[in-house]
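Novice: Build me a model:
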Amino acid sequence: MNKPDTVKPGTGTLKVPGATLHYEKRGSGPVLLLIPGGAGDAGLYEGMAADLAVRYTVVSYDPRGLSRSPLDGPLTDQRVEVWSDDAYRLLELVSPHELAYVLGSSSGAIVALDLLARHPERLRRVVAHEPPLLEVLDDPAPHRALFAEVREVFRAEGVGAAMGRFSAGLGERPAERATELPPELREMAPRMHANLPVFLEHMLCPFTATVPDVAALRRVADRLVPAVGRDSRGQEPLSGPAVRLAELLGTEVVEFPGGHVGCTEHPKEFAELLLAVLG
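Specialist: Below you'll find the predicted structure:
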């Protein structure tokens, strides 16, 4: 894969009902929309965007209420269908006459699945990397309780304690969280930290409680690639839903390098496999 010189993306804004979205765009070819997860924004995919831009017009954005995408009104619990509508409106802007490709990671994968279920006519292929859709698991109750506890810890003790409980609940050791950020993510880090209260209070529980439209997804299962991280196979609330979704839809799971945020841990390898999966 020939990698172009790193080029800063072009940026723009899109007014949507209730918010203004900041988006970034680079490359040429069919549109590949990258939907970030958690407290991340468009910068989450910076490490692999140039590689993807060899073949695609790569578009990512800051979801509403995060980073550079302000809300018009007060912050409330976020709804997957609203974020999915945002993604649809962005596709209408950047790819009005051509089917698009989508990668969603974590909560971004939940959005990508809702987008595919409701607007399959706009999409050629969707890769949903570890959507934490607890309700498709055989026993979601313990994971639902963990996420609710994380939110309560945030309310009582703040971000640091909540993220510590989150990591411990997922079975991560502190050393696994202490790695230095790669250079391409350092610019995003302060924005991501500022977004964590939004994620912990207004996204974590409502997004993970979403029930996907399996019937609608089954009709377009040939366009969907459920994906997991090689290193997060044992983390049931993260990798389990993608595996279960593949079973329900009669399709195969693709294993990507790294863990839940493999796109930042191994961006080159992740991009290489993504290009192969997208065809």
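Novice: Now tell me which helix or strand of the protein has the poorest mean pLDDT.
Specialist: helix 174-177 (a mean of 44; mean pLDDT, DSSP states H and E).
Novice: which residues touch the helix or strand following it?
Specialist: Moving toward the C-terminus from helix 174-177, the next helix or strand (DSSP states H and E) is helix 183-186. For helix 183-186, the external contacting residues (C-beta atoms under 8 Å, 6 or more residues apart in numbering) are 43, 44, 46, 47, 264, 267. (Each C-beta comes from the backbone N, C-alpha and C, glycine too.)
Novice: before we move on, what about stretch 83-94?
Specialist: Under C-beta under 8 Å, 6+ apart, the answer for stretch 83-94 is 14, 16-17, 19, 21, 23, 25, 31, 33, 35, 57, 59, 61, 63-64, 100, 102, 111-112, 114-115, 118-119, 122.
Novice: Show the buried residues in those residues.
Specialist: The neighbour count (16 or more other C-beta atoms under 10 Å) marks 14, 16, 19, 21, 23, 25, 31, 33, 35, 57, 59, 61, 63-64, 100, 102, 111-112, 114-115, 119, 122 as buried among these.
Novice: any idea of the mean pLDDT in the helix or strand that residue 160 is a member of?
Specialist: Using DSSP H and E, residue 160 sits within helix 159-169. Helix 159-169 comes out with an average pLDDT of 96.
Novice: same for whichever strand or helix holds residue 113, what does it pack against?
Specialist: According to DSSP H and E, residue 113 maps onto helix 107-118. On a contact count with 3 or more C-beta pairs under 8 Å, 6 or more residues apart in numbering; DSSP states H and E, helix 107-118 meets strand 31-35, helix 80-94, strand 100-105, strand 123-129, helix 204-208, helix 214-219.
Novice: Looking at residue 2 now. What's its pLDDT?
Specialist: For residue 2, pLDDT reads 42.
Novice: Can you say which of the helices and strands packed on helix 107-118 is nearest to residue 236?
Specialist: Residue 236 lies closest to helix 204-208 among the helices and strands packed on helix 107-118, at 12.4 Å (C-beta to C-beta).
Novice: In that closest one, which residues are buried?
Specialist: Buried, per 16+ other C-beta under 10 Å, within helix 204-208: 204, 205, 207, 208.
Novice: Measure how far the helix holding residue 113 is from the centre of its chain, please.
Specialist: 9 Å (C-alpha atoms, centre = their mean, to the nearest Å).
Novice: Now do it and helix 80-94, the angle between them.
Specialist: Put simply, helix 107-118 runs at 80 degrees to helix 80-94, going by axes from the mean of the first three to the mean of the last three C-alpha atoms, to 10 degrees.
Novice: What angle do strand 100-105 and helix 107-118 make with each other?
Specialist: Computed by the same axes, to 10 degrees, the angle between helix 107-118 and strand 100-105 is 140 degrees.
Novice: tell me the mean pLDDT over helix 107-118?
Specialist: The model assigns helix 107-118 a mean pLDDT of 98.
Novice: contacting residues around that helix?
Specialist: So helix 107-118 is contacted by 34-38, 40, 63, 80-81, 83-84, 87-88, 102-104, 122-123, 126-133, 203, 207-208, 210, 212-213, 216-217, 220, 223-224, 242, 245 (C-beta under 8 Å, 6+ apart).
Novice: Can I get it in CSV, CA atoms only?
Specialist: The C-alpha atoms that make up helix 107-118 are tabulated as CSV, following Å, rounded to 0.1, in the frame of the first residue of the first chain:
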residue,chain,number,x,y,z
SER,A,107,-20.4,3.7,20.3
GLY,A,108,-19.7,4.9,16.8
ALA,A,109,-20.4,1.3,15.7
ILE,A,110,-23.8,1.5,17.4
VAL,A,111,-24.5,4.6,15.3
ALA,A,112,-23.3,2.9,12.1
LEU,A,113,-25.6,0.0,12.7
ASP,A,114,-28.6,2.2,13.2
LEU,A,115,-27.6,4.1,10.0
LEU,A,116,-27.5,0.9,8.0
ALA,A,117,-30.8,-0.3,9.4
ARG,A,118,-32.6,2.9,8.6
